[in-house]
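Asker: Could you work out the structure for the sequence below:
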Amino acid sequence: MKNINRNPLISGLLSLVMPGLGHLYCFNVKSAILIYLIWFITPFAFYLLGFFNKIETLIIAISVTCLLWIFIIIDSVVLASKTIHYELKYYNNKYIYFTLIVFHLVLNGIVQIAVNKCLSLEAYRVDIIPDSNISSFISYKDCVIINKSPKAITSLQKGDIILYSTETDRLLFGKITHFSDDIISIGNNSIIPSDNIIGKCIYIYWPLNRIENL
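Answerer: Presented below is the predicted three-dimensional model:
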């Protein structure tokens with residue numbers, strides 16, 4: 001096998017694309033597997049421990065995962081700078097790296113879809129000017145998180161902001177002024193059947209200066 005030193009830049013880039021891949025590039029197979037598992041499991045640890053009851057904790061989980069990712073990249077760069085006279089193995093080729101990256105992207109895509117369905121959270125952009133009764137809460141072009149779970153809809157109460165569909169299939173926002181089992185009234189005195197409710201607005205996440213719970 002050919003002996004060659006490891007390039008710290010390539011190691012860092014591989015870790016950026018897929019956590020642990022830079023360590024595999026440096027022949028540290030066990031660390032590569034362990035790092036990927038830790039990085040992958042960390043967000044689910046928050047979920048399994050019941051920390052996702054509040055949107056703030058979801059942001060914390062994402063922040064912790066990103067910080068872990070940065071640490072992994074730095075560690076792989078340092079490891080590559082210390083790896084000299086490296087004997088290439090069968091897995092040190094571009095085809096193996098490409099296969100692992102594709103696997104990583106597909107796996108994350110599947111997990112993201114599954115998590116979104118389990119959490120029943122979906123992002124919406126306010127693309128119409130809201131009615132005056134909710135303009136103090138959400139504004140035009142705000143990006144909000146909607147909880148579409150049955151539990152969130154059945155637990156609606158007066159003062160909640162909802163996303164609902166009209167008879168013409170337009171999506172609008174409104175603030176509940178009256179709530180019963182089948183009928184909901186919003187601030188402009190419109191009556192909305194409960195079947196037309198898409199979900200409850202729980203959080204503004206963009207723009208940054210308007211981040212807040214609803």
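Asker: Isn't L68 up against I38?
Answerer: Yes: proximity of L68 to I38 meets the contact threshold set by C-beta atoms under 8 Å, at 7.2 Å. (C-beta placed from N, C-alpha, C; glycine too.)
Asker: Just the mean pLDDT for the helix or strand where G12 lies, thanks.
Answerer: Of the helices and strands defined by DSSP states H and E, G12 is found in helix 8-17. For helix 8-17, mean pLDDT rounds to 93.
Asker: where in this protein is pLDDT low?
Answerer: Screening the chain residue by residue with the criterion pLDDT under 70, one finds the ranges 1-4, 44, 46-58, 115-119, 129-132, 180-183, 188-189.
Asker: now do 50
Answerer: By pLDDT under 50, the low-scoring segments of the chain are 1, 53.
Asker: now the helices for it?
Answerer: Defined through DSSP state H, the helices belonging to the chain, from first to last, are 8-17, 21-25, 29-48, 55-82, 94-119, 150-154.
Asker: Out of those, which is closest to T177?
Answerer: Evaluated with C-beta to C-beta, the helices of the chain place helix 150-154 nearest to T177, the distance being 16.9 Å.
Asker: where's the closest one relative to the chain centroid, distance-wise?
Answerer: Taking C-alpha atoms, centre = their mean, to the nearest Å, one finds the center of helix 150-154 at 21 Å from the center of the full chain.
Asker: dump the residue contacts of C26.
Answerer: For C26, the contacting residues are R6, S11, S76, L79, A80, T83, Y86, by C-beta atoms under 8 Å, 6 or more residues apart in numbering.
Asker: One more pass at 6 Å, please.
Answerer: Residues in contact with C26 (C-beta atoms under 6 Å, 6 or more residues apart in numbering) are R6, S11, L79, A80, T83.
Asker: Show me the domain layout of this protein.
Answerer: The record, using automatic domain parsing to delimit domains, assigns the chain the ranges 3-119, 122-213.
Asker: ends of stretch 10-29, how far apart?
Answerer: Distance across stretch 10-29, first residue to last, is 17 Å (C-alpha to C-alpha, to the nearest Å).
Asker: Same question for that stretch: list its buried residues.
Answerer: For stretch 10-29, the neighbour count (16 or more other C-beta atoms under 10 Å) marks 10-15, 18-28 as buried.
Asker: Likewise for stretch 32-48?
Answerer: Within stretch 32-48, the residues scored as buried using 16+ other C-beta under 10 Å are A32, I35, Y36, W39, F40, T42, P43, F46.
Asker: swap in stretch 87-96?
Answerer: N92.
Asker: Who does the nearest residue to G159 once chain neighbours are set aside form a beta bridge with?
Answerer: Setting aside the residues directly before and after it, G159 is nearest to I176 in space (C-beta to C-beta, 6 or more residues apart in numbering), at 6.4 Å. For I176, the beta-bridge assignment (DSSP bridges) gives partners I186.
Asker: OK, contacts around I176?
Answerer: I176 makes contact with K158, D160, I184, according to C-beta under 6 Å, 6+ apart.
Asker: if we can go back for a sec, just the contacts of C26 now: which is nearest E167?
Answerer: Proximity to E167 was ranked across the contacts of C26 by C-beta to C-beta; first place goes to S11, at 58.0 Å.
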